[in-house]
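Asks: here's my sequence, what's the structure:
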Amino acid sequence: MSAETKIKQIEGGVTAAKGFQAAGVEAGVKYQNRKDMALIYSTVPCKVAGTFTSNVVKAAPVLWDKKVVEQSEFAQAVVVNSGIANACTGKPGMAACEETAACAGKLLQIPADAVLVASTGVIGMQLPTDRICAGVEQLVAKKADTLDAGLDAAKAIMTTDTVHKQIAVEVEIGGKTVTIGGMCKGSGMIHPNMCTMLGFVTTDANISKEMLQKAVSADIVDTFNMISVDGDTSTNDTLLVLANGLAGNAEIAGEGADYDIFCEALHVITSYLAKKMAGDGEGATALFECRVVGADTKENARVLAKAVICSSLTKAAIFGHDANFGRFLCALGYSGVQFDPEQVDLYFMSESGKLPIFSGGIACDYSEEEATKILSDPEVTVLADMHMGDAEATAWGCDLSYDYVKINADYRS
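Replies: This next block holds a predicted model:
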């Protein structure tokens, strides 16, 4: 963040920006006695940008949203359900997207192709469109611009998440106060390959569609693409960013100071949400961060960092609070990046301190008790200094616990 850019975190999520409303309701799509449908709505049309899963098997909502992002004149609403993913559902699945959008469009008095849809949950089940449409009616009737309404929406999109995830910030652009808010869900089937979750960002910034998409596509490389829980890239991964222009700043139509400030503020939102997802991985007890410094290129730094947080053995070591540094070196070694192991320095870090573990090709003379203490904290960092150059990157994951298997062995029930 540049020294002159002042980004202030404020309360709320998707309703923090001017003109945005939200709601969350119990529609009984699959779950009982919990909110399972959410709505985000802008009182005016929005520019929209999106990034989606790289999985060849794409859920129906992903296909619908890609079309809206690429072809629609504007977007104005997002309808989300949890419990059923609407993936691997063929023509009926696409029909469910169309019916949901048509229902929302009619009630909100906007075109159906201005309605984005998203689903998360069990793959292969068909959506009960009667309950979905009834849920849309509830959402439209309940929508509001309050912080509580945004919180309801954030809770309604959760599946195996243990906590809701939302954030909002303010920043000055062109003499106007611009607000950006976001929410996401993600706990399992998460792997850095765009975009590893459902995420929704709203802003009142006035920015062109082209520059909004450019900002979003560039940002995910070092945020959502740098997290992993279990190595599985979902069929439903979606990040949608809506900008309605109500802040009143001069349109950001090209690169420059205003664009840079917007990108910095967006990065605060996305990096926060990415870390929240990684730390809330299914069964996780700790956020596991790998920071690589001194790499020869930025891309190699990313590859090295991701290799460490994606390894089942390093994740298990973090869970066991075990300073088994060989596992971390091993992951760096099979990443595909060439380096001299005798030049690598490894450190374990947390609130409890920073401990050198490996240097000059051999183990450091460290205290196992101190290492265990550091690795027992709820947020643990492995720092790898490659001594090859000036490039660096950070990746986020979580430990691998017994509960991960229990959760996923019983997921469909």
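Asks: next structured bit after the biggest helix by length in the chain?
Replies: When the chain is parsed with DSSP state H, its longest helix is helix 257-279. Remark: after helix 257-279, the chain's next helix or strand is strand 287-295, criterion DSSP states H and E.
Asks: chain center to that next one, what's the gap?
Replies: 19 Å (Cα atoms, centre = their mean, to the nearest Å).
Asks: helices and strands around the helix or strand just after it, which ones?
Replies: Past strand 287-295, further along toward the C-terminus, the next helix or strand under DSSP H and E is helix 298-310. Judged by 3 or more Cβ pairs under 8 Å, 6 or more residues apart in numbering; DSSP states H and E, helix 298-310 is in contact with strand 287-295, helix 325-333, strand 379-385, strand 391-398. Just so you know, the C-beta spots here come from the backbone N, C-alpha and C atoms, and that holds for glycine as well.
Asks: okay, the angle between the longest helix of the chain and helix 298-310?
Replies: If you take axes from the mean of the first three to the mean of the last three Cα atoms, to 10 degrees, helix 257-279 sits at 20 degrees to helix 298-310.
Asks: in helix 257-279, what counts as buried?
Replies: Within helix 257-279, the residues scored as buried using 16 or more other Cβ atoms under 10 Å are 258-259, 261-279.
Asks: likewise for stretch 27-46?
Replies: 27-31, 35-42, 45-46.
Asks: any idea which residue sits dead centre in the chain?
Replies: Closest residue to the average C-alpha location of the chain: residue 274 at 4.4 Å, with Cα atoms, centre = their mean.
Asks: tell me who's in contact with it.
Replies: In this structure, residue 274 makes contact with 223-224, 226-227, 396, judged by Cβ atoms under 8 Å, 6 or more residues apart in numbering.
Asks: what do you get if the cut-off is 6 Å, keeping everything else the same?
Replies: Contact analysis of residue 274 by Cβ atoms under 6 Å, 6 or more residues apart in numbering lists 223-224, 227.
Asks: so residue 30, which of the three states?
Replies: Secondary structure, DSSP: H, G, I helix; E, B strand; the rest coil: residue 30 is coil.
Asks: can you verify my assumption that it contacts residue 82?
Replies: No: contact criterion Cβ atoms under 6 Å: residue 30 and residue 82 do not qualify, at 7.8 Å.
Asks: remind me which residues of the stretch 151-300 of the chain are low pLDDT?
Replies: Flagging of the stretch 151-300 of the chain using pLDDT under 70 yields the residue ranges 187-196, 229-234, 281-283.
Asks: also the stretch 1-150 of the chain?
Replies: In the stretch 1-150 of the chain, residues with pLDDT under 70: 1-5.
Asks: from the contacts of residue 274, which is closest to residue 72?
Replies: residue 224 (23.2 Å; Cβ to Cβ).
Asks: helices along this protein, start to end?
Replies: 60-71, 90-108, 129-142, 147-156, 209-219, 257-279, 298-310, 312-319, 325-333, 368-375, 402-409.
Asks: same list (those helices) but as JSON lines, adding distance to residue 384.
Replies: Output for those, formatted as JSON lines (distance: least, Cβ to Cβ, whole Å):
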{"stretch": "helix 60-71", "distance to residue 384": "35"}
{"stretch": "helix 90-108", "distance to residue 384": "43"}
{"stretch": "helix 129-142", "distance to residue 384": "46"}
{"stretch": "helix 147-156", "distance to residue 384": "34"}
{"stretch": "helix 209-219", "distance to residue 384": "24"}
{"stretch": "helix 257-279", "distance to residue 384": "18"}
{"stretch": "helix 298-310", "distance to residue 384": "7"}
{"stretch": "helix 312-319", "distance to residue 384": "11"}
{"stretch": "helix 325-333", "distance to residue 384": "6"}
{"stretch": "helix 368-375", "distance to residue 384": "15"}
{"stretch": "helix 402-409", "distance to residue 384": "25"}
